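Engineer: Below are the sequence and a predicted model; questions follow.
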Amino acid sequence: QQQQQQQGMRFVPGGPQVYMPNAGVPNAGPMLNPALPPQMFAMAGGGAPNQAGQQHMGNQQQTAFTHAYLQALSLGLSGLNPNMPLDGNQMNRLAALGMQPHPQQLYTQEDYLKRAGAQPLMGQQGMPQAVGNLGMRSGSSAGPGGIDKKHRTSGPPSPSLASSGQYSGSGMYVGSRRGGKDNSNRSRLLEDFRNSRFQQLSLREIIGHIVEFSQDQHGSRFIQQKLEHATQSEKDSVFSEIIPSSYQLMTDVFGNYVIQKFFEFGSEAQKQSLVECIQGRVLQLALQMYGCRVIQKALETITHDQQQQLIKELDSHVLKCVKDQNGNHVVQKCIECVESGSLQFIIEAFHSQVLPLSTHPYGCRVIQRMLEHCTSEQTAPLLAELHADVLRLVTDQYGNYVVQHVLERGAQNDKSHIVNALMGNIAELSQHKFASNVVEKCVTYCTRSERAVLVEEICACPDSLLYTLMKDQYANYVVQKMIEMAEASQRKALMLKIRPHLANLRKYTYGKHILAKIEKYLPRSTSASLTTPPSESAAGHLSGI
């Protein structure tokens with residue numbers, strides 16, 4: 001405790017240790033408001049208030065300091081060592097609370113970026129700044145902008161706010177790529193607007209500041225809302241100001257939404273002007289985090305001829321876009337919104353690429369959109385490649401979704417092709433994390449004769465293998481689906497096969513699922529259902545089969 005006090009630390013027994021500038025030093029720093037209840041003093045380190053410190057600090061400051069400290073406790077700013085530099089999130093939290101790091105914990109923005117191997121952001125070099133590592137938690141093994149390596153989900157990754165750089169790991173807003181921009185560069189009008197000094201503001205009153213407002217979080221939202229109900233004259237005034245900076249706004253974290261609003265609510269002439277601004281930059285925008293959203297909105301709202309002008313720039317770059325985290329959404333939107341006859345260049349780019357694309361986290365999405373929206377003549381070559389590698393696809397964490405898509409929405413001959421390819425391997429595939437989902441879809445969407453073959457394959461399994469399937473974390477769902485979908489005669493045969501294992505199934509979590517499914521298809525007396533455990537009830541009914 002003595003060492004921590006010498007270093008400027010406030011010791012909280014059993015609680016976090018937060019650095020307070022000059023805490024506990026008479027006439028030298030902030031103290032807690034003595035009017036607060038004693039338990040709050042205890043939370044903040046205990047002890048009676050220092051009278052000299054009380055005189056040094058006004059009541060308003062004391063209250064603010066107290067609230068900041070209690071917030072620090074709730075945010076978990078614990079164990080801050082004054083001899084160790086703070087990471088970006090810790091700096092951001094302290095700054096948001098109006099608190100200061102220890103002098104030894106400060107280093108310049110330039111030093112921080114040199115350590116990170118990056119170039120300095122906008123702003124004065126050499127000045128201590130809270131440079132956050134966006135999207136990272138303290139102690140994360142991920143790089144700047146990355147995410148902690150945890151369990152990978154079986155489905156394609158979803159976009160998140162963290163990936164767009166809008167929120168830090170602490171959940172606080174940290175802004176866009178202009179994070180180092182000095183707030184003093186804002187105009188007085190924007191500053192007053194952000195401080196809610198204007199109760200009623202119109203678009204005409206911010207003319208001359210449209211671009212600045214568009215690049216501000218609150219200003220952009222204001223313009224978007226006004227454009228939905230603006231007169232054509234007001235739209236023209238705003239548009240004439242943003243069109244010279246249209247590309248800058250298209251790639252801006254907030255400005256892109258203003259451009260999108262003009263594609264939704266702008267005149268045909270305004271849409272044409274924006275299309276002309278996009279021309280020559282389609283690929284560049286498609287691969288950019290915010291520009292790709294503008295391209296997608298444009299494809300939804302412009303004419304067929306204008307669509308043709310834009311998508312032709314993606315020719316020879318299709319695979320690059322498909323495998324890009326932003327570009328794949330543009331290709332999907334092309335497939336959804338553009339006439340299939342104009343998409344032949346995408347079909348040709350996929351030639352001999354179905355397997356690698358289907359096993360790609362972004363490519364599998366694009367393949368599914370092709371199967372949904374393209375003609376049978378266009379999808380036939382894709383399906384031929386898919387059928388050739390169906391056993392590899394069903395066991396892939398992404399490829400299994402493509403096969404499931406065909407089983408759910410494809411033609412019956414394509415479904416049958418997949419079912420026949422899996423026959424003979426049902427027990428093995430049912431125990432696979434990804435393939436088991438495909439087997440369930442086969443049981444659900446195949447023909448009656450094909451379903452009978454699949455159920456018979458499980459019934460013909462040795463008793464030991466069937467028992468293994470019923471208590472397996474994946475295969476039990478396949479057995480449940482077969483009980484649900486089988487014809488009455490086959491269901492009876494399968495349940496007779498299960499009967500010897502009923503007592504043991506009660507011991508396993510997944511085995512209990514089988515018992516619950518069986519009970520749904522058995523006649524049971526009221527007394528049995530009320531007084532007999534499920535497994536015994538099921539066993540009793542099965543003994544009479």
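Structural biologist: Happy to help now that I have it.
Engineer: give me every residue that touches the nearest residue to M470 once chain neighbours are set aside.
Structural biologist: Take M470 and drop its neighbours on the chain: the residue closest to it by Cβ to Cβ, 6 or more residues apart in numbering is I514, 5.0 Å away. Any C-beta I mention is one placed from the backbone N, CA and C, and that applies to glycine too. Applying Cβ atoms under 8 Å, 6 or more residues apart in numbering, we find I514 in contact with M470, N476, V479, Q480, I483, I498, L505.
Engineer: at 6 Å what do you get?
Structural biologist: Residues in contact with I514, defined by Cβ atoms under 6 Å, 6 or more residues apart in numbering, are M470, N476, L505.
Engineer: contacting residues around the first one?
Structural biologist: So that's M470. With contacts defined as Cβ under 6 Å, 6+ apart, M470 is in contact with N476, V479, G511, I514.
Engineer: Pick the one among these closest to K333.
Structural biologist: For K333, the closest of these turns out to be N476, at 39.5 Å, with distances computed as Cβ to Cβ.
Engineer: average pLDDT for the helix or strand hosting the residue nearest to M470?
Structural biologist: Here I514 sits within helix 509-520, counting by DSSP states H and E. Over the span of helix 509-520, the pLDDT mean works out to 85.
Engineer: just stretch 359-375 next, same as before
Structural biologist: Computed over stretch 359-375, the mean pLDDT rounds to 96.
Engineer: Can I get that stretch in CSV, CA atoms only?
Structural biologist: In CSV, the C-alpha atoms belonging to stretch 359-375 read as follows (Å, rounded to 0.1, in the frame of the first residue of the first chain):
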residue,chain,number,x,y,z
THR,A,359,-15.5,-23.7,-49.4
HIS,A,360,-14.8,-20.0,-49.0
PRO,A,361,-16.5,-17.9,-46.3
TYR,A,362,-17.6,-15.3,-48.8
GLY,A,363,-17.7,-17.4,-51.9
CYS,A,364,-20.3,-19.8,-50.5
ARG,A,365,-22.7,-16.9,-50.2
VAL,A,366,-22.3,-15.9,-53.8
ILE,A,367,-22.7,-19.5,-55.1
GLN,A,368,-26.1,-19.6,-53.2
ARG,A,369,-27.2,-16.4,-54.8
MET,A,370,-26.3,-17.7,-58.2
LEU,A,371,-28.4,-20.9,-57.6
GLU,A,372,-31.4,-18.7,-56.5
HIS,A,373,-31.5,-16.1,-59.2
CYS,A,374,-29.8,-17.4,-62.4
THR,A,375,-31.5,-19.5,-65.1
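Engineer: buried stuff in that stretch?
Structural biologist: Within stretch 359-375, the residues that count as buried by 16 or more other Cβ atoms under 10 Å are 359-360, 362-371, 373-374.
Engineer: Identify all contacting residues around it.
Structural biologist: When contacts are defined by Cβ under 6 Å, 6+ apart, stretch 359-375 is touched by residues 156-157, 322-323, 328, 331-332, 335, 340, 357-358, 379, 396, 398-399, 401-402, 405.
Engineer: and if we set it to 8 Å?
Structural biologist: Looking at what lies outside stretch 359-375 - Cβ under 8 Å, 6+ apart - the contacts are 156-157, 322-325, 328, 331-332, 335-336, 340, 343, 346-347, 350, 354, 356-358, 378-379, 382-383, 392-393, 396, 398-399, 401-402, 405-406, 409-410.
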